[in-house]
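Peer 1: 3D, please:
(one chain, ligands or ions: 1)
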Amino acid sequence: MTNFPPTDKPFHTHDCDACTFLGWAIDGTPGYQIMCVDLYVCGQEFPTASLIARFSSEPSDYSSRPISAGQPKTMHLLDAYHRARGLGYID
Ligand SMILES: [Zn+2]
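Peer 2: From the prediction side, this is the model:
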């Protein structure tokens, strides 16, 4: 898994005031078009905050998971989990 360093600008449109941008990741699955995935943590407080991976600017094109649900199993939400953890959202 190759992650670019976090940047301060989301790649896709994401209309949520409660979200904190964690940076973006590259989805480089062989045989597929390379995608840029924006990672967020939504909400400020444990355990109600959730992790978000946005794949395009299409409003429904994202996946999310409550932080309280534990360590995610999908690659991008797991990436968001580690970044949120690095920022102190997760103990
Ligand atoms: Zn949000």
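Peer 1: And the one helix or strand in the chain whose mean pLDDT sits lowest, what does it pack against?
Peer 2: The least trusted helix or strand in the chain, going by mean pLDDT, DSSP states H and E, turns out to be strand 19-27, with a mean of 89. Packing contacts for strand 19-27, counted by 3 or more Cβ pairs under 8 Å, 6 or more residues apart in numbering; DSSP states H and E, involve strand 35-42, helix 75-86. In short, each C-beta sits where N, CA and C put it, glycine included.
Peer 1: In that strand, which residues are buried?
Peer 2: Applying a neighbour-count criterion of 16 or more other Cβ atoms under 10 Å, one finds Cys19, Thr20, Phe21, Leu22, Gly23, Trp24, Ala25, Asp27 buried in strand 19-27.
Peer 1: which residues does the last one bridge with?
Peer 2: On the basis of DSSP bridges, Asp27 is bridged to Met35.
Peer 1: wait, what's in contact with it?
Peer 2: Asp27 sits next to Ile34, Met35, Cys36, Val37, Phe55, Met75, His76 when contact means Cβ atoms under 8 Å, 6 or more residues apart in numbering.
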